[in-house]
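Visitor: Got a predicted model here, sequence first, then my questions.
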Amino acid sequence: MNLFFSINQNFRKGKYYIIIGLAIIALVLAATEFIHQYRGIPYEDLTRDPNAISLKPKYIGFVSQIGIFFWFGAVSICLLGSMLLKRLAGDGMNIQYLRFFCFFSFVLGVDDVFMLHDESAHRGVNEQVVYIIYMLSFGYFILKFWKLVFKTNFNLIFIAGFLLAASIFMDTFYSSDFIIEDGFKLSGIVFWFLYFLDTSISFITLAVKNRLS
């Protein structure tokens with residue numbers, strides 16, 4: 001009886017996460033089915049690992065794959081940080097800041113995974129336009145939250161921005177120098193991740209201190 005009660009209580013507490021998990025799974029599978037039906041792409045091309053399909057060695061895309069880990073690490077940190085701050089301090093500028101960069105990091109990560117900026121070029125949209133939109137979005141929110149930014153370890157985010165901009169510059173004008181271009185890119189992503197790791201910890205620590213005082 002106690003076990004049944006415990007399971008029931010646990011289910012009640014976690015039901016929203018179960019619903020969210022099922023919704024995400026359903027969305028991914030529905031998108032897979034839509035692409036299969038609409039574009040005629042075989043299921044295995046949509047579900048299997050790219051290297052398994054192409055029969056390429058496992059080290060192919062090594063640096064790019066590491067960068068993706070850090071993109072979505074930043075997404076997770078910003079999401080978790082904003083959720084903890086919501087419980088500790090309610091709505092506030094810190095939460096808005098982390099929420100925006102959670103979304104922005106997600107967009108950049110998805111772009112990196114699926115090479116959306118390259119796809120836009122194939123559809124007649126200059127990929128430089130995509131880069132400009134990203135840079136303007138980044139600049140706008142840095143200015144919007146500038147007072148907050150300068151209370152954080154802001155040198156990390158500016159280093160990240162500089163390195164990512166350098167990667168774009170190399171891609172535009174010296175596209176054959178892959179190690180330099182992708183080296184700048186990976187370095188920028190790592191500093192981006194470290195900035196939001198440090199910022200989330202600082203925000204949460206401050207919220208805990210304010211709550212205890």
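Guide: Nice, thanks for sending it over.
Visitor: C-alpha only now, for contacts and for neighbours.
Guide: Will do.
Visitor: for the protein, what helix or strand is lowest in average pLDDT?
Guide: Every helix and strand of the chain was ranked by mean pLDDT, DSSP states H and E. The lowest is helix 116-122, at a mean of 65.
Visitor: in whatever helix or strand Asn155 lives in, what counts as buried?
Guide: Using DSSP states H and E, Asn155 falls within helix 154-173. For helix 154-173, burial by neighbour count (16 or more other C-alpha atoms under 10 Å) applies to 154, 156-157, 159-161, 163-168, 170-171.
Visitor: which residues touch the helix or strand hosting Asn51?
Guide: Assigned by DSSP H and E, Asn51 falls within helix 50-54. With contacts defined as C-alpha atoms under 8 Å, 6 or more residues apart in numbering, helix 50-54 is touched by Asp45, Pro57, Lys58, Ile60.
Visitor: Tell me the first helix or strand C-terminal of it.
Guide: helix 62-89.
Visitor: And that following helix, how far out from the chain middle?
Guide: 7 Å (C-alpha atoms, centre = their mean, to the nearest Å).
Visitor: Report all helices and strands that it contacts.
Guide: helix 93-114, helix 178-212 (3 or more C-alpha pairs under 8 Å, 6 or more residues apart in numbering; DSSP states H and E).
Visitor: Which strands and helices lie in contact with the longest helix seen in the chain?
Guide: As assigned by DSSP state H, the longest helix anywhere in the chain is helix 2-39. Contact partners of helix 2-39 among helices and strands, from 3+ C-alpha pairs under 8 Å, 6+ apart: helix 43-47.
Visitor: Quick one: mean pLDDT for the helix it packs on?
Guide: For helix 43-47, the mean pLDDT works out to 90.
Visitor: List the buried residues in the helix holding Asn51.
Guide: For helix 50-54, the neighbour count (16+ other C-alpha under 10 Å) marks no residue as buried.
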